[in-house]
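Chemist: Okay, predicted coordinates and the sequence, questions at the end:
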Amino acid sequence: TTRASPRIAGGPQLALPVSAPKEDRRPRCAGRTPSAVDASGDADDDIIDLDEDQEAEEAEEDDEEVLASKRARIATGDISAWLRSLDGGSVVQYEESLRALFDDVSQIKTLYADRMQDFFDDVAVKDPNHRLAFASALRALR
């Protein structure tokens, strides 16, 4: 449907399209379901499967819970597992020293979480990359 534009003095009269009233306008996907099929017989790719998104979010939450659980076990337990979890295992060479000095990771946390330099000195960590790995790990134990 078109309507005439207001006449401007000396100008041509143009036909302008008339849009549908707001209450009659619908989103492009209104009335479609996730199983909607277009005229060609193909599934409609614009449709978002909310169940799939929710499943992905739940799986991500499960992954985060598993990681948190592993971190908690490592943070309070076995020195060997803790060292293997740090910086891709680059600091496992300190295992013998750490096992001789400490009973478990929670003891390291208690003694050194806020005294990293003392940890480096006591364990003889000289390599800057190893210091960075241990510093990050000690901060994570706080």
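Modeler: Right, received. Where do you want to start? Numbers count the residues shown, from 1 in each chain.

Chemist: how about Asn129, what does it touch?
Modeler: Asp87, Ser90 (CB atoms under 8 Å, 6 or more residues apart in numbering). C-beta coordinates here come from the backbone N, C-alpha and C atoms, glycine included.

Chemist: any idea which element it lies in?
Modeler: Using DSSP states H and E, Asn129 maps to helix 128-141.

Chemist: buried ones in that helix?
Modeler: Buried positions in helix 128-141, judged by neighbour count with 16 or more other CB atoms under 10 Å: His130, Arg131, Ala133, Phe134, Ala137, Leu138, Leu141.

Chemist: moving C-terminal of the host helix or strand of Ala81, what's the next helix or strand?
Modeler: Using DSSP H and E, Ala81 sits in helix 79-85. Going down the chain from helix 79-85, the next helix or strand is helix 95-101, by DSSP H and E.

Chemist: looking only at pLDDT, what's the mean for that next one?
Modeler: The average of the pLDDT scores along helix 95-101 is 94.

Chemist: What's the first helix or strand after that helix?
Modeler: Next along the chain after helix 95-101, taking DSSP H and E as the criterion, comes helix 105-112.

Chemist: buried set for that next one?
Modeler: Neighbour counts over helix 105-112 (16+ other CB under 10 Å) mark Val105, Ile108, Lys109, Tyr112 as buried.

Chemist: what stretches of the protein score poorly on pLDDT?
Modeler: Applying pLDDT under 70 to the chain flags the ranges 1-54, 56-62, 65-76.

Chemist: before we move on, the earlier item: what residues of the helix holding Ala81 count as buried?
Modeler: Ile79, Trp82, Leu83, Arg84, Ser85.

Chemist: Can you tell me which of those lies closest to Glu95?
Modeler: The closest of these to Glu95 turns out to be Leu83 (CB to CB; 5.4 Å).

Chemist: How much space separates the closest residue to that closest one other than its chain neighbours from Glu55?
Modeler: Spatial nearest neighbour of Leu83, excluding adjacent residues (CB to CB, 6 or more residues apart in numbering): Val92 at 4.9 Å. In this view, Val92 and Glu55 are 37 Å apart by CB to CB, to the nearest Å.
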